[in-house]
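> Structure here, sequence nowhere to be found:
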């Protein structure tokens, strides 16, 4: 067996995870682990048992752990950190701790120290949203990790906090960290209600990352038309970009005029093969946006135009009213 996929949907307590951890002792050839233990049924004891079990998998190369909406605290993060310190050959790591509101800076420091030791890591996904930690602390911790992960090829971040502080310095630091990763091919940045991500944060975003093949940016609801201009200027550097996904839902500071200017800048992306745009706009303008985008690119090009489910609902409702 080379892969272990475990969905804890019917599990009622951390004790079941203890049983799973013990069973891992006989799974020494497993290279990939995907474990989902969501909701308030799980906590620090579960993370403790899982961490001990994962340490027994000497050939482990990939971990995907979904512990979102659980009652885990810093104690659980410390157990996980001790586990990661012993998995130095890990190539892929995905951690989902959304709606985990008991974490503090202390636990994040331990986790950061362990992650930045993973010198072989190529794929890194971390999700910390709807938590009590300040977003600036989370961004600085991620930045500290990126300074050591020289082998990283793909990064996927979901950051959002209910304790936001409007500072822009941390996002500038994050930009610099992304730019120094010479092997990076895919970037996905989703910032839910992050006040630190402003128009200035998008300035020079494409600098020194001309090798990127996939770029995703979402939920930057603090930006204005100026931010779109800054982003479009960065497209000059995305010479190898093949896939672009942008989510402007809840971005109420963006106007129609800013979007028109931004759409015209898409012509700079000569290598683009896949385009995903998600907006929350008036029906008429969305239809206009769709056809304008089609007009810019040759019909023979391979593009994927995706609209959010909310937009499709609105379009269908409009058609029903018309007919």
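Alright, I've got the coordinates. Note that the structure is a prediction, hence the values are computed from the model and not measured.
> Now do the helices in the stretch 201-323 of the chain.
225-234, 256-264, 283-296, 309-322 (DSSP state H, counting those that start in this stretch).
> any idea which helix or strand carries the residue nearest the centre of the chain?
In the chain, the centroid-proximal residue (CA atoms, centre = their mean) is residue 157; its distance is 2.7 Å. Per DSSP states H and E, residue 157 falls inside strand 154-161.
> what packs against that strand?
Packing partners of strand 154-161 (3 or more CB pairs under 8 Å, 6 or more residues apart in numbering; DSSP states H and E): strand 123-131, helix 135-146, strand 186-192. In short, each C-beta sits where N, CA and C put it, glycine included.
> wait, what's in contact with residue 18?
Listed by CB atoms under 8 Å, 6 or more residues apart in numbering, the contact set of residue 18 reads 45, 49.
> For it, give me phi and psi.
When read as degrees, to the nearest 10, the backbone of residue 18 gives phi -60, psi -40.
> pLDDT at it, what is it?
At residue 18, the model reports a pLDDT of 89.
> Could you do residue 2 as well?
64.
> Repeat that for residue 44.
pLDDT, residue 44: 93.
> try residue 41
The model's pLDDT for residue 41 equals 80.
> Cross-check the contact I'm expecting between it and residue 15.
No - with contact defined as CB atoms under 8 Å, residue 41 and residue 15 do not form a contacting pair (10.7 Å).
> wait, what's in contact with residue 101?
130, 131, 132.
> typed the wrong thing, it's residue 187
Contacts of residue 187 by CB under 8 Å, 6+ apart are 154, 155, 178, 209, 212, 214, 215, 216.
> With respect to pLDDT, which of the residues you listed ranks lowest?
The member of the contacts of residue 187 with the lowest pLDDT is residue 209, at 62.
> contacts for the strand holding residue 157?
94, 98, 122-135, 138-139, 142, 146, 178, 181, 184-194, 216, 219.
> circling back to that earlier point, just give me the lowest mean pLDDT stretch among the helices of the stretch 201-323 of the chain.
Looking across these, the weakest by mean pLDDT turns out to be helix 309-322, at a mean of 43.
> what about residue 117, is that helix, strand or coil?
Under DSSP: H, G, I helix; E, B strand; the rest coil, the three-state class of residue 117 is coil.
> Quick check: nearest residue in space to it, chain neighbours excluded?
residue 85 (6.2 Å; CB to CB, 6 or more residues apart in numbering).
> now swap in residue 141 and tell me
residue 112 (4.5 Å).
> now do residue 192
That would be residue 160: by CB to CB, 6+ apart, it lies 3.0 Å from residue 192.
> quick one: that neighbour and residue 189, what's the gap?
Distance of residue 160 to residue 189, computed by CB to CB, to the nearest Å: 12 Å.
> Please apply the same query to residue 111.
20 Å.
> same thing with residue 78?
For residue 78 relative to residue 189 (CB to CB), the value is 27 Å.
> between these two, who's got more neighbours?
Neighbour comparison, residue 78 and residue 189: the larger count goes to residue 189, with 23 against 20 (by other CB atoms under 10 Å).
> quick one, strands of the stretch 1-150 of the chain?
3-7, 32-36, 62-66, 92-96, 123-131 (DSSP state E, counting those that start in this stretch).
> Let me know which of the ones you listed is tucked in deepest.
strand 123-131 (a mean of 21; mean count of other CB atoms under 10 Å).
> Please list the residues outside that one that contact it.
Under CB under 8 Å, 6+ apart, the answer for strand 123-131 is 62, 64, 68, 91-101, 103, 115, 138, 142, 145, 149, 152-162, 192.
> Just the buried subset of those, please.
62, 64, 68, 91-101, 103, 115, 138, 142, 145, 149, 152-161, 192 (16 or more other CB atoms under 10 Å).
> re the thing from before, if you compare the directions of the strand holding residue 157 and helix 135-146, what angle comes out?
Angle between the axes of strand 154-161 and helix 135-146 is 160 degrees (criterion: axes from the mean of the first three to the mean of the last three CA atoms, to 10 degrees).
> Strand 154-161 vs strand 92-96, what angle?
20 degrees.
> Any chance of the helices and strands packed on strand 154-161 in CSV with distance to residue 276 and mean pLDDT as columns?
Shown next, in CSV, are those (distance: least, CB to CB, whole Å; pLDDT from 0 to 100):
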stretch, distance to residue 276, mean pLDDT
strand 123-131, 18, 87
helix 135-146, 24, 82
strand 186-192, 12, 85
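> Compile those into CSV and extend it with columns for distance to residue 230.
Formatted as CSV, these follow (distance: least, CB to CB, whole Å):
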stretch, distance to residue 230
strand 123-131, 24
helix 135-146, 18
strand 186-192, 14
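> What mean pLDDT does stretch 160-173 get?
Here the average pLDDT along stretch 160-173 is 56.
> follow-up on the earlier one: can you list the contacts of residue 101 in JSON lines and add distance to residue 260?
Output for the contacts of residue 101, formatted as JSON lines (distance: CB to CB, whole Å):
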{"residue": "130", "distance to residue 260": "33"}
{"residue": "131", "distance to residue 260": "37"}
{"residue": "132", "distance to residue 260": "39"}
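> and stretch 20-40, how far out from the chain's middle?
23 Å (CA atoms, centre = their mean, to the nearest Å).
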